[in-house]
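> no sequence on this one, just coordinates:
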């Protein structure tokens, strides 16, 4: 599945704690994305990266930060988790020969109590 | 910004019938339109895509059509089978070199045996 993994796959945490999710790719692709998926909302972009140390906000970036210190890893951090951040988080990479083709990681189910 | 509307939100068909899912987009500069299938508990998987220089594309039982003038595109599944049951998402590309996609909210397709 396009050489993309996410860790952890499941996490339960408490309100106010910091949480970091990791996305790792072996495809050497330039673009990486973090989405959240909630019932009735589809997939919404949180942040994306267009290169090492190059990141930008998506449509639902409040409460989240990202970092990309090397091509293969894209980290999503919730500085102080809230219950509204309970969701399934998907990482994606832009791959293929024609750009725009995004392939998704397996997802991380995060529950904030 | 780009907005993608997807209809219907749920669709139930009998095995062997056809299914059609429709999406509209707002940004006339969008030039890439993928469709994803997501089975329960799994990651979204790219099933077919179309670019703005093509009006129709087929891959076995699935096809996508694009009407740039009307800014809408559709997914057609013929001879549906129970394994086609899933949530389907359409998406449209954003311009500006970000390689970003905006997703519709999804259609839950149920194929009844």
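All right, it came through fine. Every value quoted in this text rests on a predicted model; they were computed, and no experiment measured them. Numbering: from 1, shown residues only, chains lettered A, B, ... in the order given.

> so where's chain B shaky on pLDDT?
Within chain B, the ranges that satisfy pLDDT under 70 run B:96-98.

> My error: substitute chain A in the last question.
A:1-2, A:95-100.

> Next to chain B, which bits of it? Give me the list.
A:1, A:31, A:33, A:40-45, A:48, A:50, A:56, A:58-59, A:90, A:94, A:98-107 (Cβ under 8 Å from any Cβ of the partner chain). No exception for glycine: its C-beta is placed from N, CA and C like everyone else's.

> Make sure residue B:95 is actually in contact with residue B:52.
No: Residue B:95 is not in contact with residue B:52 according to Cβ atoms under 8 Å; the separation is 11.3 Å.

> okay, the two: which has more neighbours?
More neighbours surround residue B:52 than the other of residue B:95 and residue B:52, with 16 against 13 (other Cβ atoms under 10 Å in any protein chain shown).

> ranges for the strands of the chain?
Unless you meant another one, I'm taking chain A. Taking DSSP state E to define them, one finds strands in chain A at A:4-7, A:10-13, A:19-25, A:32-38, A:42-51, A:54-57, A:64-70, A:73-78, A:87-95, A:101-104, A:108-112.

> nope, chain B
With strands called from DSSP E, chain B shows them at B:4-7, B:10-14, B:19-25, B:32-38, B:45-51, B:56-59, B:62-67, B:72-77, B:86-93, B:101-103, B:107-112.

> Up against chain A, what does chain B have?
Residues of chain B lying near chain A by Cβ under 8 Å from any Cβ: B:1, B:6, B:32, B:34, B:36, B:42-46, B:49, B:51, B:89, B:93, B:97-106.
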